[in-house]
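sequence and predicted structure below; questions after.
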Amino acid sequence: MSAAPPAGDVDRTGRAAVVEAARRRTFAVISHPDAGKSTLTEALALHARVIGQAGAVHGKAGRRGTVSDWMDMEKARGISITSAALQFEYRDAVINLLDTPGHADFSEDTYRVLTAVDAAVMLVDAAKGLETQTMKLFAVCKHRGIPIVTVVNKWDRPGKDALELMDEIAERTGLTPTPLTWPVGIAGDFRGVLDRRDGTFRRFTRTAGGATIAPEEQLTAAEATARQGEVWTQAVEEAELLEATGAEHDQESFLGGVTTPVLFASAVSNFGVGALLDTLVDLAPAPTGRPDADGAVRDLAEPFSAFVFKVQSGMDAAHRDRLAYIRICSGVFERGMVVTHGRTGRPFATKYAQQVFGRERESVDVAYPGDVVGLVNASALGVGDTLFTERPVAFPLLTTFAPEHFAVVRSRDTAKHKQFRKGIEQLDSEGVVQVLRSDRRGDGSPVLAVVGPMQFEVATHRMEHEFHAPVALDRLPYNLAMRTDEESLPMIASSGGVEVVRRPSGELLALFPDKWALRILQQRHPRATLEPLVAAQ
Ligand code: G4P
């Protein structure tokens, strides 16, 4: 699975970092649940021959072998909560596919993953078009300037009209779709695709359950006319229509977030997957230097630097380990190297570095910009932390999203006070929940804040099973958090039904039951500082 050269043979120069970075394509698939993200991931891995048969890596509970079912909750619900990265070689490129949770309640997690990618694949269900979660994730990509490749999936099933789907993408995302392939046959009668780049026909073949790579048959236009007749002619006419409306791929517009190349696929049959990989290799951007907190770019050739975009623990009950996933930004990473942890200034020895995808783990000896490495036993590392060697750098902190659900958390067993404190601290540093303090609560019980309520379930579950400190949550009647300051406190205190809490950074948040309560306070005290936080939804 690893694309790394053998240890002991490592070129650690800046030049090696630049050359290797140019081969990297680091991306994530964004989609609404059920659009086929797990199926596509499997198909991609299968195509790259990482796994012998689809189902060995990814899937859902009760369906196939599962990728990240290490948590009972995930198994029970059949959802994927955790994220990891899959690396494989394709042609002369190294593909890093970052996994994202499917459920909307964990969108915060998905957003952090999106800070670590250079491109995104927007997966659209042919019958459903753009759905809520697709639109939210798309907005994040747009905000971050991440170029998007669109894949219309499930063309083997009845769905919308292809031209209609293109209109929907243009109207709702503002991106101009530039199809690279065009379907031959309506949704549900998938004959294959017309490759707009060379005018050939790629015939759709079905494989039993998508378990093996479908042989892709390529036919000339003349052969396609002879075999497909009217259906092919219609596809050609539609493709001409696209040409007339200027729906042509232009690399600069794609990278600038103006256009999105589109492919038509049937992930379950592995059709269109090869075309997607080719598109990523040919068109998706390779890693480039990353701006630091002051906006100065850390070039790829500079000494090693990386940031933590995800922390995960409790993956293996027997080992109780804690993994920090880093995205490498510059230089060459070599397992065993000692790096500086930016927040504390302390050295951190990277003795155990792994590639993790679901249950699969493999030691990483060397890695380059664009790669994701899981650092084991990284108890000091928190989400957003920077690591570097030689020349110090601090990358911008990752955004904390506006929480919408709040609950007081108490230990159900007073004898477990220490475990309780440790567990809460850990969940906070992993970004599983945001931990707030309220002066109003005399017993010092923290307030947990989340974007999606299912995060509460994860926290409760982990407190009990991992930290052995069972907790009780009392939900609070707030739905809206606004940033405030010390000067505004007396004004806010005079208003009923509003509570002020403190983030670990010292920042003050005013919690409101709804926007009406906020408006009333704003009308009464126009001088009170009440600023919105970044919304995750
Ligand atoms: P997700 O990760 O985005 O949530 O979606 P997932 O891959 O789990 O796919 C959701 C359902 O859509 C699955 O069916 C899957 O088989 C099906 N699917 C994915 N891609 C295609 C496709 O190209 N064509 C068709 N026809 N179906 C597709 P399921 O009923 O939930 O599971 P299963 O029992 O069919 O495996």
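Looks like it arrived, so ask away. Numbers count the residues shown, from 1 in each chain.

for this structure, identify the residue most remote from the centre.
Going by CA atoms, centre = their mean, the residue of the chain most distant from its centre is residue 226, 44.1 Å out.

backbone dihedrals for that residue, please?
The phi and psi values for residue 226, taken as degrees, to the nearest 10, are phi -60, psi -40.

use 139 as the first number from now on
With 139 as the first residue, the last one maps to residue 364.

any idea how far residue 339 is from it?
Residue 364 sits 10 Å away from residue 339, taking CB to CB, to the nearest Å as the criterion. (Each C-beta comes from the backbone N, C-alpha and C, glycine too.)

need the nearest residue in space to residue 572, chain neighbours excluded.
residue 587 (4.3 Å; CB to CB, 6 or more residues apart in numbering).

just list whatever residues bridge to the one you found.
Here residue 587 sits in beta bridges with residue 544, residue 572, going by DSSP bridges.

give me the below-cutoff pLDDT ranges for the stretch 139-288 of the chain.
139-146, 187-222, 239-245 (pLDDT under 70).

mind listing the helices for it?
Ranges of helices in the stretch 139-288 of the chain, per DSSP state H, counting those that start in this stretch, are 152-161, 175-185, 210-215, 245-252, 270-282.

can you give me every residue that contacts the residue of the stretch 189-338 of the chain found nearest the ligand?
As assessed by CB to the nearest ligand atom, the ligand sits closest to residue 292 within the stretch 189-338 of the chain, at 3.9 Å. By CB atoms under 8 Å, 6 or more residues apart in numbering, the residues touching residue 292 are 173-174, 263-265, 325, 404-406.

ok, residues contacting stretch 354-361?
So stretch 354-361 is contacted by 333, 337-341, 343, 365, 370, 374, 409, 412 (CB under 8 Å, 6+ apart).

out of these, who's the most crowded?
residue 409 (27 neighbours; other CB atoms under 10 Å).

which residue sits closest to it, ignoring its sequence neighbours?
Nearest to residue 409 is residue 342, by CB to CB, 6+ apart, at 5.3 Å.

doesn't residue 328 make contact with the one you found?
Yes - between residue 342 and residue 328 a contact is recorded at 4.9 Å, counting by CB atoms under 8 Å.

list residues touching both of the two?
Contacts common to residue 342 and residue 328, judged by CB under 8 Å, 6+ apart, are 294, 322, 404, 409.

residues near the first one, how many?
The tally of other residues near residue 294 (other CB under 10 Å) stands at 20.

hang on, the earlier thing: which of the contacts of residue 292 fall in strands?
residue 263 (DSSP state E).

would you turn the contacts of residue 292 into TSV with distance to the ligand and neighbour count?
Shown next, in TSV, are those (distance: CB to the nearest ligand atom, whole Å; neighbours: other CB atoms under 10 Å):
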residue	distance to the ligand	neighbour count
173	5	27
174	3	23
263	8	20
264	8	27
265	9	16
325	10	21
404	4	25
405	4	27
406	4	20
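
between the contacts of residue 292, which sits nearest residue 607?
residue 173 (38.0 Å; CB to CB).

I figured that closest one hits residue 269, correct?
Yes - counting by CB under 8 Å, residue 173 does reach residue 269; the two are 7.4 Å apart.

neighbours of the residue nearest to residue 409, how many?
Neighbours around residue 342, by other CB under 10 Å: 24.

contacts only, for it.
294, 322-323, 328-331, 404, 407, 409.

residue 257 reaches residue 418, doesn't it?
Yes - between residue 257 and residue 418 there is a contact at 7.0 Å, judged by CB under 8 Å.

who touches both of those two?
Joint contacts of residue 257 and residue 418 (CB under 8 Å, 6+ apart) are 163, 165, 287.

hang on, isn't residue 472 packed against residue 504?
Yes - with contact defined as CB under 8 Å, residue 472 counts as touching residue 504 (5.3 Å).

which of these two has more neighbours?
For residue 472 versus residue 504, neighbours defined as other CB under 10 Å are more numerous around residue 504 (25 against 17).

distance check, the more buried one against the ligand.
In this view, residue 504 and the ligand are 32 Å apart by CB to the nearest ligand atom, to the nearest Å.

can I assume that residue is in contact with residue 474?
No - with contacts counted by CB under 8 Å, residue 504 stays clear of residue 474, the gap being 10.3 Å.

spell out which parts of the stretch 389-538 of the chain neighbour the ligand.
By CB under 6 Å from any ligand atom, the residues of the stretch 389-538 of the chain that approach the ligand are 404-406.

just to revisit the earlier point, so what sits against both of residue 173 and residue 269?
In contact with both residue 173 and residue 269: residue 263, using CB under 8 Å, 6+ apart.

can you give me phi and psi for residue 665?
When read as degrees, to the nearest 10, the backbone of residue 665 gives phi -90, psi -10.

residue 486 is in contact with residue 519, isn't it?
Yes - contact criterion CB under 8 Å: residue 486 and residue 519 qualify, at 7.3 Å.

the more surrounded of these two?
residue 519 (24 against 19).

with distance to the ligand and mean neighbour count added, can I get the helices of the stretch 139-288 of the chain in CSV?
Shown next, in CSV, are those (distance: least, CB to the nearest ligand atom, whole Å; neighbours: other CB atoms under 10 Å):
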stretch, distance to the ligand, mean neighbour count
helix 152-161, 28, 19
helix 175-185, 3, 25
helix 210-215, 12, 15
helix 245-252, 12, 22
helix 270-282, 10, 18
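
could you say which one of these comes nearest to residue 389?
Nearest to residue 389, of these and by CB to CB, is helix 152-161 at 15.6 Å.

how far off centre is that closest one?
Centroid displacement of helix 152-161 relative to its chain, using CA atoms, centre = their mean, to the nearest Å, is 24 Å.

and residue 554, how many neighbours?
Neighbours of residue 554 (other CB under 10 Å): 18.

just checking, it touches residue 601?
No - assessed by CB under 8 Å, residue 554 is found out of contact with residue 601, at 9.4 Å.

now the common contact residues for the two.
607-608.

any idea which helix or strand in the protein has the lowest mean pLDDT?
helix 210-215 (a mean of 46; mean pLDDT, DSSP states H and E).

now the contacts of residue 342 in CSV, with secondary structure, distance to residue 479 and pLDDT?
Shown next, in CSV, are those (DSSP: H, G, I helix; E, B strand; the rest coil; distance: CB to CB, whole Å; pLDDT from 0 to 100):
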residue, secondary structure, distance to residue 479, pLDDT
294, coil, 49, 93
322, strand, 55, 92
323, coil, 56, 89
328, coil, 51, 89
329, coil, 56, 89
330, strand, 52, 91
331, strand, 49, 92
404, strand, 46, 91
407, helix, 47, 85
409, strand, 46, 86
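
what sits against residue 287?
257-260, 398-401, 414, 417-418, 421-422 are the contacts of residue 287 under CB under 8 Å, 6+ apart.

what about it, distance to residue 315?
Residue 287 is 11 Å from residue 315, by CB to CB.

between the two, which contacts overlap?
Common contact partners of residue 287 and residue 315 (CB under 8 Å, 6+ apart): 398, 400.

next one: stretch 263-274 to chain centre, how far?
16 Å.

distance between the ends of that stretch?
This stretch, stretch 263-274, spans 16 Å end to end (CA to CA, to the nearest Å).

contacts for it next, please.
By CB under 8 Å, 6+ apart, stretch 263-274 touches 168-174, 242, 245, 260-262, 276, 290-293, 295-298, 303, 306-307, 310-311, 325, 402, 675.
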